[in-house]
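>>> Have a look at this prediction, sequence included:
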Amino acid sequence: MFELGTRVVVRYRLPDGRASDALGVLRQLNEATAVIETKRGLESVPLADVLLARAVPPAARRPEKPSGDFSPSRHC
């Protein structure tokens, strides 16, 4: 499948039949489960419920917030 440490997106079936995605870094993988480190924490996905999985590129970096004092009194 994928090497540990790869950033992946995994679509899997929930118990109620809907689908969900886990996006993050693959941390563990065995014959029954994939563990993905997402923004919300570790997510354990049973392989039997996986509908699709693929490697994805690293997340885009957000621009840094400007530093300095932008209060109206300094610029008016």
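Sure thing, it's come through. From a predicted model like this one, the values you see are computed outputs, not experimental measurements. Numbering: from 1, shown residues only.

>>> List the buried residues for the helix or strand where Ala22 lies?
Per DSSP states H and E, Ala22 falls inside strand 19-29. Buried positions in strand 19-29, judged by neighbour count with 16 or more other CB atoms under 10 Å: Ala22, Gly24, Leu26, Leu29. For glycine as for every other residue, the C-beta is placed from the backbone atoms N, C-alpha and C.

>>> which other helices and strands contact that strand?
Contact partners of strand 19-29 among helices and strands, from 3 or more CB pairs under 8 Å, 6 or more residues apart in numbering; DSSP states H and E: strand 7-13, strand 33-38, strand 41-46.

>>> Low-confidence bits of the chain, can you list those?
Where the chain drops to pLDDT under 70, the residues are 67-76.

>>> hmm, try it at 50
Judged by pLDDT under 50, the chain has no weakly predicted residues.

>>> CSV please, covering the helices and strands packed on strand 19-29 and showing distance to Arg62 and mean neighbour count.
Output for these, formatted as CSV (distance: least, CB to CB, whole Å; neighbours: other CB atoms under 10 Å):
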stretch, distance to Arg62, mean neighbour count
strand 7-13, 16, 17
strand 33-38, 17, 17
strand 41-46, 21, 14
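
>>> I appreciate the help and will end here.
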